[in-house]
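1. The sequence and its predicted three-dimensional model are supplied below.
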Amino acid sequence: MAKFGELISSDIPVLIDFYTEWEEDSSVVHATLRDVAAALGDRAKVIKIDVEKNEILANALRIKGNPTFIIYKDGEMKWRQSGDQDANTLISLVQQYL
């Protein structure tokens with residue numbers, strides 16, 4: 001979890017997607033995140049975290065539904081939402097914290 005703390009303490013926004021590989025729509029979400037990352041470039045970080053491989057972290061953050069998206073900046077959670085989001089929505093949300 002120390003590594004996670006370093007990750008979210010960035011002075012640029014960090015969009016994290018908590019997901020599981022077995023989800024039916026995981027490939028759609030992955031494509032959406034690629035679009036978001038491409039649009040934001042180096043102005044933000046876009047990261048995927050597999051809930052099954054990071055159970056302690058997922059439990060600590062009370063991740064219940066997948067996908068769950070969280071935006072952090074300077075170590076502080078700024079926004080959180082479970083369920084599918086389109087690329088434009090995610091880009092707009094992250095841009096609020098640039």
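-> Right, received. Where do you want to start? The shown structure was predicted, so the numbers you read here are calculated from the model rather than taken from an experiment.
2. contacts, neighbours, all on C-alpha from now
-> OK.
3. just so I have it, where are all the strands in the protein?
-> Remark: strands of the chain, listed N- to C-terminal, are 14-19, 45-50, 68-73, 76-82; assignment by DSSP state E.
4. pLDDT of the third one, averaged?
-> To tie it back to what came earlier, the one meant is strand 68-73. Per-residue confidence for strand 68-73 averages out to 97 on the pLDDT scale.
5. if we can go back for a sec, comparing the strands of the chain, which comes out most buried?
-> Using mean count of other C-alpha atoms under 10 Å, the stretch among those with the greatest mean number of neighbours is strand 14-19 (a mean of 23).
6. so what does the top helix by length along the chain touch, helix or strand wise?
-> Taking residue count as the measure and DSSP state H as the definition, the longest helix of the chain comes out as helix 26-40. Contacting helix 26-40 under the criterion 3 or more C-alpha pairs under 8 Å, 6 or more residues apart in numbering; DSSP states H and E are the following elements: strand 45-50, helix 87-95.
7. between that helix and strand 45-50, how big is the angle?
-> Using axes from the mean of the first three to the mean of the last three C-alpha atoms, to 10 degrees, the direction of helix 26-40 lies 160 degrees away from that of strand 45-50.
8. Tell me how many other residues surround residue 90.
-> A total of 18 residues lie near residue 90 under the criterion other C-alpha atoms under 10 Å.
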